[in-house]
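> Predicted model and sequence below, questions to follow.
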Amino acid sequence: MQENNNSKNHIIIQKKTKKYVEVCYNMEIIDAKTLDYKAINEALRRSDDACTIQNCCGQRFLASGMSQKDLTIYGIPGNALGAYLNNAAITVYGNGQDAVGDTMNEGQILIHGNIGDAAGYAMRGGKIYVQGNAGYRAGIHMKAYKEKIPVMIIGGCAGSFLGEYQAGGIIIVLGLHKNGKSIVGNFPCTGMHGGKMFLRGDCGNIRFSEQVTAKTAGDEDLEEIREYLSEYCADFGYSLDGILSEPFTVITPDSKNPYKQMYVAN
């Protein structure tokens, strides 16, 4: 390994792979232009400081299973960003692809853009805050684990099957900049048997599953999500008063065993 020092930065060059990481002002800068996901994750694991990934373009599984990291990404990470995340912070200046935060346990993922399908699949802790829209099946199999409450906030609209089989946690969709679109697609809350969902604005045109109850959120309901909304507004530059200026609908399951009627009693 060869090291080259000057007054401003420190370049680390790996001769075998000809891949480099630049350490500048106590922050590692990883140029992902020619790196695969294994090389990027190896560099992340070696780092004890905050890291920035530049020129990210579709590399999958970034920061998978990592903890105690502060990661900033410029570009578009691939599928399963932050899968199995353990108390790390990820901020993306760009879009995310499918399965963001898959089975994450703790930590936070901020997306300054849109995300693909199945975001937060089976997440059991932590937070996913998205400035833009989400694809199909966001929050599928979301669950709460012990004292942990996973939270997902989608700033724009969500695709069909939002909260499918949701077993715990909180999903919030704000419907900002929806441009006449419905805040959610078809079949929201299918198989929902735990947790809560909050949808901002008029939901009169949404057809919910018969297994859930949808009602206008009261003061007590809104107090439950105020802290999360305040964090979201601080992260993306929105006004909390503006967010709360429209009513919310809160959806909860009627049963913890919605499929009981589908089985034959012995």
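Done, it's in.
> okay, Lys146: pLDDT?
Listed pLDDT for Lys146 reads 87.
> So it versus Glu106, what's the distance?
11 Å (Cβ to Cβ, to the nearest Å). Where you see a C-beta, it was placed from the backbone N, CA and C, and this is true even at glycine.
> repeat for Tyr129
Distance from Tyr129 to Glu106, by Cβ to Cβ: 15 Å.
> of the two, who's got more company?
Using other Cβ atoms under 10 Å, the more surrounded residue of Tyr129 and Glu106 is Tyr129, with 21 against 17.
> Tell me the strands beside the helix or strand where that one lies, with direction?
Using DSSP states H and E, Tyr129 maps to strand 127-130. Paired neighbours of strand 127-130 in the sheet (DSSP bridges): strand 106-111 (parallel), strand 151-154 (parallel).
> Those: which one's closest to Ile206?
Smallest distance to Ile206 across the strands paired with strand 127-130 (Cβ to Cβ): 14.7 Å, for strand 151-154.
> Show the average pLDDT along that closest one.
pLDDT averaged over strand 151-154 gives 98.
> Show me where the stretch 1-150 of the chain has its helices.
37-46 (DSSP state H, counting those that start in this stretch).
> Where does the prediction get shaky in it?
Where the stretch 1-150 of the chain drops to pLDDT under 70, the residues are 1-27.
> what about the strands in it?
2-5, 9-14, 19-24, 27-31, 50-57, 70-76, 86-93, 106-111, 127-130 (DSSP state E, counting those that start in this stretch).
> name the helices or strands packed onto the fourth one?
In other words, strand 27-31. Applying 3 or more Cβ pairs under 8 Å, 6 or more residues apart in numbering; DSSP states H and E, one finds that strand 27-31 contacts strand 19-24, helix 37-46, strand 50-57.
> picking up where we left off before, can the strands paired with strand 127-130 go into TSV with extra columns for distance to Ala88?
TSV is the format used below for the strands paired with strand 127-130 (distance: least, Cβ to Cβ, whole Å):
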stretch	distance to Ala88
strand 106-111	5
strand 151-154	16
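> and the ones you listed, which is most packed in?
Comparing the strands paired with strand 127-130 by mean neighbour count (mean count of other Cβ atoms under 10 Å), strand 151-154 comes out on top with a mean of 28.
> quick one: contacts of that strand?
119-120, 123, 126-130, 133-134, 138-139, 142, 169-174, 228-229, 232 (Cβ atoms under 8 Å, 6 or more residues apart in numbering).
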